[in-house]
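*Asks:* coordinates only, no sequence provided:
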């Protein structure tokens, strides 16, 4: 068998990231937060993405109001599990925020502030001294993006949790008009004795509907 050579092929490791990039006047005093992990740690289920939101909220635990712009990816950014989590966060003692705003871009948008940061990461990987051979090399490349002004959150197994969807489908089906996630344009969670959430389905038209749609103490106000 000496005339044969043994060749071992291994696939490249799959990496994941969730970026929180400041916009507007916040760019002067806030750094982009890049949550990164690989397939050996977790996947990219909605619960995994929400775990990144949890890390982000705790990182900004002293903020009284948090506003997050998201795209319309229903599997990760637009689901009842995320909204249930946000109501939990605004009512828990882990952060100071009394208001959390979630604003969704109109379908067909072409640019987000995160796109610029992702381009900087790509440039950093291209200009990286040496080869990017493992996850630690990738972490260093992300850290060097944006002139080094990046808060890299290297997610560990203990950072991921199985967040639950507390929406009551029975109450949702009985609601008239029924709130559909794909029609939401922004949502606001705030604390006022109980957990409340305000939805706006159309940016220019307002209605007034009060419904109890979650199983526990959550109350939804749709406007």
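*Replies:* Okay, I see it. Keep in mind it's a predicted model, so treat the numbers as computed, not measured.
*Asks:* tell me which helix or strand the residue nearest to the spatial centre of the chain sits in.
*Replies:* Computing the C-alpha centroid of the chain and ranking residues by C-alpha atoms, centre = their mean puts residue 53 first, at 4.7 Å. With the criterion set as DSSP states H and E, the secondary-structure element containing residue 53 is helix 46-59.
*Asks:* repeat for residue 19
*Replies:* Counting by DSSP H and E, the element that carries residue 19 is strand 15-20.
*Asks:* quick one: strands adjacent to that strand?
*Replies:* Strands that pair with strand 15-20, judged by DSSP bridges, come out as strand 33-38 (antiparallel).
*Asks:* the partner strand: how far from the chain's middle?
*Replies:* Centre-to-centre, strand 33-38 and its host chain are 11 Å apart (C-alpha atoms, centre = their mean, to the nearest Å).
*Asks:* list the helices and strands the helix or strand harbouring residue 122 packs on?
*Replies:* Element membership of residue 122, judged by DSSP H and E, is helix 113-126. With contacts taken as 3 or more C-beta pairs under 8 Å, 6 or more residues apart in numbering; DSSP states H and E, helix 113-126 sits against strand 15-20, helix 135-144. (Each C-beta comes from the backbone N, C-alpha and C, glycine too.)
*Asks:* out of these, which comes closest to residue 114?
*Replies:* Nearest to residue 114 among these is strand 15-20; the distance by C-beta to C-beta comes to 4.7 Å.
*Asks:* how about that closest one: buried residues?
*Replies:* For strand 15-20, the neighbour count (16 or more other C-beta atoms under 10 Å) marks 16, 17, 18, 19, 20 as buried.
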